[in-house]
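>>> Provided below for reference: sequence and predicted model.
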Amino acid sequence: MEILLDTANISLIKRFIKAIDLAGITTNPTIVKKEGKIDFFNHMKEIRQIIGKDAKLHVQAVGQTKDDFVKDARAIWDNVDPDVYVKIPTTEEGLAAIKTLKAEDKHITATGVYTEFQAYMAMANGADYIAPYYNRMRNMNIDAVAFIKNVADRIALEHSSSKILAASFHNVEEVNNAIRYGAQAVTMGPDIMASGLGMPAIGKAVDDFQADWESIYGEGSSIAALAK
Ligand code: E4P
C-alpha cells in the first residue's frame with residue numbers, strides 16, 4: 001500500500017512526512033495554483049529534496065494535444081529530475097502521449113480518470129499509475145467502489161504492472177474504501193490526513209491515559225522519568 005500527499009505546500013509536506021512514511025507527492029495545476037506563482041521547477045526540486053529519491057513525485061503536464069503533453073513531460077524530466085512520474089490526462093491525445101513515452105520506458109501516471117474504459121486504455125499503454133478521481137466520480141453518480149474493484153481485478157488477472165493511484169478524496173471514508181477495495185496507492189490532501197489523525201476521540205484517549213498516569217505518579221511524570 002502506498003500513501004501519497006496531494007499537495008505542493010512545502011510546510012505541510014514537511015509536517016506529514018515526519019509522521020507518515022509517504023510513498024510520494026502528487027500535484028496538478030490546481031494544487032500548484034494554491035501556492036501562488038511559484039518558481040515551478042525549483043519548487044518541485046525542493047519537494048524532491050524533502051521526500052528523497054526513493055519517493056515518487058507526480059507532476060502534471062498541461063495542454064490538450066499529444067505534442068503539448070510530450071513537450072511538458074520532457075521539460076519536467078529535464079528540469080526537475082528524470083524519475084518524476086508525469087501525469088498525463090487520459091484523453092485520446094493524452095493516450096497517444098502515454099504510448100510514445102512508455103515506448104521510451106518513462107514513468108507515467110494516467111490522470112483524469114472517471115471510467116473503467118479510460119483505465120483499461122491506460123493499462124493497455126503500460127501506464128505505471130492510473131488515477132481515478134474518486135469523489136468527482138461519486139458526484140457524477142459513477143460507482144467509484146465498483147471501478148476500484150473491477151480495475152484491481154483486471155490488474156491482478158493480467159499481472160499488469162499498472163497500479164491504481166486513487167485521488168480526489170473529500171473525506172476519510174472515501175480513502176478507506178479505495179484501499180479496502182483494491183487501490184494499491186491513494187493520494188489525499190493534507191486536510192484529509194489531518195482530519196483522519198485529528199479525530200477528537202483519539203486525542204481524548206491519549207489525554208485520559210496521561211491523566212491517569214499523572215494521578216498515580218504526579219503531574220508531569222512519565223515512565224522515562226521513573227527510569228532516571
Ligand atoms: C490528483 O492529484 C488529482 O489531480 C486530484 O486528487 C484531484 O482532486 P480534486 O477532485 O479534489 O480536485
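Nice, I can see it.

>>> tell me the secondary structure for the residue nearest the centre of the chain?
Note on the chain: the residue nearest the mean C-alpha position is residue 187, at 2.5 Å, using C-alpha atoms, centre = their mean. Following DSSP: H, G, I helix; E, B strand; the rest coil, we place residue 187 in the strand state.

>>> how about the contacts made by it?
4-6, 24, 26, 58, 131, 165-167 (C-beta atoms under 8 Å, 6 or more residues apart in numbering). Heads up, the C-betas are built off the backbone N, CA and C, glycines and all.

>>> what do you get for residue 73?
Neighbouring residues of residue 73 by C-beta under 8 Å, 6+ apart: 61, 86, 88, 97, 101, 106, 108.

>>> buried subset of the contacts of residue 187 as a PyMOL selection?
Selection of buried members from these for PyMOL, criterion 16 or more other C-beta atoms under 10 Å:
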select buried, resi 4+5+6+24+26+58+131+165+166+167
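
>>> tell me, which of the contacts of residue 187 make contact with the ligand?
Among the contacts of residue 187, the residues within reach of the ligand (C-beta under 6 Å from any ligand atom) are 6, 26, 131, 167.

>>> would you turn these into a markdown table with secondary structure and pLDDT?
Converted to a markdown table, those look like this (DSSP: H, G, I helix; E, B strand; the rest coil; pLDDT from 0 to 100):
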| residue | secondary structure | pLDDT |
| --- | --- | --- |
| 6 | strand | 98 |
| 26 | strand | 98 |
| 131 | strand | 98 |
| 167 | strand | 98 |
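
>>> would TSV of these with distance to residue 34 be doable?
As requested, those are exported to TSV (distance: C-beta to C-beta, whole Å):
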residue	distance to residue 34
6	11
26	13
131	18
167	16
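
>>> identify, from those, the entry nearest to residue 155.
residue 131 (13.9 Å; C-beta to C-beta).

>>> what distance do you get for that closest one to residue 114?
Distance, residue 131 to residue 114, using C-beta to C-beta, to the nearest Å: 10 Å.

>>> just flag the most distant two among the ones next to the ligand among the contacts of residue 187.
Greatest spatial distance among these (C-beta to C-beta): 6 and 131, at 10.0 Å.
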